[in-house]
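*Asks:* just coords:
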Ligand code: ADP
Ligand code: MG
């Protein structure tokens, strides 16, 4: 009999081949499979008549095949199956490309459900390549259909069928990690119902119940895990660091630090001298100068003859930090190194050796720093930049590499205290509430797409003044392979701009699919002023610093969260030039108008985060949700604030009664798995 750790290849109906495909998504066990939650849902419940089909609209109709389907070869590699389907209200012409088998599969006189986008006119309705199923055996039509995150070689159908098999195999064996009394007190549904309906919801209400229960469960387990981490932290002592002469460092800077930067540094240094590991969050709006706080702490740590690490969420950012910080610190005698996923193996070994011997004292990198091969001689400080991209578990994993190093977490995401607790555990907080002098706030405009010619003109005029521009390119429609779609969107848009709009300027582009070295070269050229316009995806959302760039144009602005727009906007206004942010959107909804207006009204990140929460509100289940956190797949920390409070209270209550979770082994096991990369939660 199966249990949740069963390899999916042994699940009935899956087998080795499908298991191999699913393996590409990291799905290995039955637990992985049923926890592969849909990214969103499509409501295909309504069944229309042909006469009710509106051209341009996606819908399902039940219709009878009126004549045998006809197959024609249009040209090499393009076969067409065409048929006429009817119901009592009208005629629908249906075509399929390269699905020749349908010619024999679809029978004259039988009724099928066709689900797709209606085209043509009200007199002559057509549908191209719809999903088709016999009326009596519907799997993918006439219901709320899960849409899963995919990868190449794994289709929606493969996933939803496999999940179906997985759920069937789970009947009766799903352990409920929530103690019964907790479940009842918070009116949460049972586990089997929850998994069933998060994947295949009977109704929007059932989905709501399922999601609520699974989100509660995640937040509950997360809080328990954090509670146990915190208890462990309280008993740890480390050798206090000694005072060091920081003047050398301050004098090396090209500018005087702000009061707020100095205060944050002092707070951190005090922690490091205390004899208890520092666990501090440094929050500061974009552009407030967090990097220098990190640099000061690293310098202090190295002066104490211990090593420091700085972990950034993207390769681009890691490289940029390395370039800036090594230039600053190497002359002060701090040996620096860069270690990322793309560091060649040989170099990695050299760096590893340098770290193990203590020769290298400050290493900057991505999560590659977490790999087992990297060993430090004496890691004293771990700084993570733009922490919201990392999970608590990852941070703890890095911390575990030293003997309780100090940790400093830097974030530009202003978040309410309760959410901070979930994201960061129980950290002390420093706030950089001041921008470096001379900054002018970024002028922000929300405009429709018809303004593009004027925007292009504006970019050109800024160029004449020597400035540079970022353009965040239109986001792609949902596609099977999101990364590939993004690459296409970026390269095509950049190509169009270069050819048709700015033939005399230099347009470059960067996207997530490029090799790190290519990205690096593009970013370096832009930073050096060798290119004028950088077209990109949101890979430039975090951290990147090119003070000469003064224009940020964001296409499809309505598709971004406000906080994300704020981060993107933070890429400009970093020097002393007046900077501009232009939000392009053709979406006319009241909600979009309000959201974009918030951006034009304020540049205060905290205000924007608040508005974001207020406007988005809870429960946007059919929309796209942001899953920021590893370990939190269902819960949305932006929206589930009330649920979070409930789950935290329940978790704390349980921990007070039963700190070792003796009464709920299933919960203990899941907490252990959730924090698997931390030593002993
Ligand atoms: P963030 O808080 O967004 O990480 P950065 O650390 O990238 O901000 O700093 C933004 C820009 O401001 C950088 O170009 C940096 O060199 C500059 N900067 C930082 N501190 C100061 C300061 N005290 N005075 C002037 N410029 C500063
Ligand atoms: Mg930064």
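*Replies:* It's in. Since the model is a prediction, treat every value here as computed from it, not as a measurement. Numbers count the residues shown, from 1 in each chain. Ligands and ions are numbered 1, 2, ... in the order given.
*Asks:* give me the phi and psi for residue 92.
*Replies:* phi -130, psi 130 (degrees, to the nearest 10).
*Asks:* just the one 3 residues further on next, same as before
*Replies:* The phi/psi pair for residue 95 (degrees, to the nearest 10) reads phi -130, psi 150.
*Asks:* could you do residue 128 as well?
*Replies:* Dihedral angles (degrees, to the nearest 10) for residue 128: phi -110, psi 130.
*Asks:* pretty sure it is touching residue 117, no?
*Replies:* Yes: assessed by Cβ atoms under 8 Å, residue 128 is found in contact with residue 117 at 7.5 Å. Yep, even glycine has a C-beta here, placed from its N, CA and C like the rest.
*Asks:* what ranges do the helices span in the stretch 551-681 of the chain?
*Replies:* Taking DSSP state H, counting those that start in this stretch as the test, the helices found in the stretch 551-681 of the chain are 562-569, 590-601, 605-616, 641-657, 665-674.
*Asks:* I'd like to know which of those is closest to ligand 1.
*Replies:* helix 562-569 (9.1 Å; Cβ to the nearest ligand atom).
*Asks:* by contact count, what packs against the closest one?
*Replies:* The elements that helix 562-569 packs onto, with contact taken as 3 or more Cβ pairs under 8 Å, 6 or more residues apart in numbering; DSSP states H and E, are strand 549-554, strand 580-584, helix 590-601, helix 605-616.
*Asks:* of these, which shows the lowest average pLDDT?
*Replies:* The stretch with the lowest mean pLDDT among these is helix 605-616, at a mean of 71.
*Asks:* burial count for residue 237?
*Replies:* Residue 237 has 10 neighbouring residues, counting by other Cβ atoms under 10 Å.
*Asks:* contacting residues around it?
*Replies:* Taking Cβ atoms under 8 Å, 6 or more residues apart in numbering, we find residue 237 in contact with 275, 276.
*Asks:* now the helices for the stretch 301-450 of the chain?
*Replies:* Going by DSSP H, counting those that start in this stretch, the stretch 301-450 of the chain shows helices at 315-329, 345-357, 392-399, 417-424.
*Asks:* nope, the stretch 1-150 of the chain is what I was after
*Replies:* Under DSSP H, counting those that start in this stretch, the stretch 1-150 of the chain gives helices at 15-23, 30-34, 102-105.
*Asks:* most packed of the ones you listed?
*Replies:* Highest mean neighbour count of the helices of the stretch 1-150 of the chain: helix 30-34, a mean of 22 (counted as mean count of other Cβ atoms under 10 Å).
*Asks:* show me what it is packed up against.
*Replies:* helix 156-170.
*Asks:* next structured bit after the helix it packs on?
*Replies:* As assigned by DSSP states H and E, the chain's next helix or strand after helix 156-170 is helix 180-185.
*Asks:* ok so, going back, output the helices and strands packed on helix 562-569 in JSON lines, with mean neighbour count appended to each entry.
*Replies:* Conversion of the helices and strands packed on helix 562-569 to JSON lines gives the following (neighbours: other Cβ atoms under 10 Å):
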{"stretch": "strand 549-554", "mean neighbour count": "25"}
{"stretch": "strand 580-584", "mean neighbour count": "24"}
{"stretch": "helix 590-601", "mean neighbour count": "16"}
{"stretch": "helix 605-616", "mean neighbour count": "18"}
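*Asks:* save the ones you listed as CSV, and put in distance to ligand 1 too.
*Replies:* Compiled in CSV, these are given as follows (distance: least, Cβ to the nearest ligand atom, whole Å):
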stretch, distance to ligand 1
strand 549-554, 11
strand 580-584, 15
helix 590-601, 18
helix 605-616, 10
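*Asks:* can you put those in a markdown table and add distance to residue 650?
*Replies:* Below are those laid out as a markdown table (distance: least, Cβ to Cβ, whole Å):
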| stretch | distance to residue 650 |
| --- | --- |
| strand 549-554 | 40 |
| strand 580-584 | 41 |
| helix 590-601 | 33 |
| helix 605-616 | 23 |
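*Asks:* now the helices of the stretch 1-150 of the chain in a markdown table, with mean pLDDT and distance to residue 341?
*Replies:* Listed next are these as a markdown table, based on pLDDT from 0 to 100; distance: least, Cβ to Cβ, whole Å:
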| stretch | mean pLDDT | distance to residue 341 |
| --- | --- | --- |
| helix 15-23 | 91 | 20 |
| helix 30-34 | 91 | 23 |
| helix 102-105 | 90 | 44 |
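*Asks:* is the residue nearest to residue 459 when sequence neighbours are not counted in a helix, a strand, or coil?
*Replies:* Excluding the flanking residues, the one nearest residue 459 by Cβ to Cβ, 6 or more residues apart in numbering is residue 469, at 4.8 Å. Following DSSP: H, G, I helix; E, B strand; the rest coil, we place residue 469 in the strand state.
*Asks:* ok, residue 469 - contacts?
*Replies:* Taking Cβ under 8 Å, 6+ apart, one finds 459, 462, 463, 532, 533, 534, 549, 550, 551, 552, 553 in contact with residue 469.
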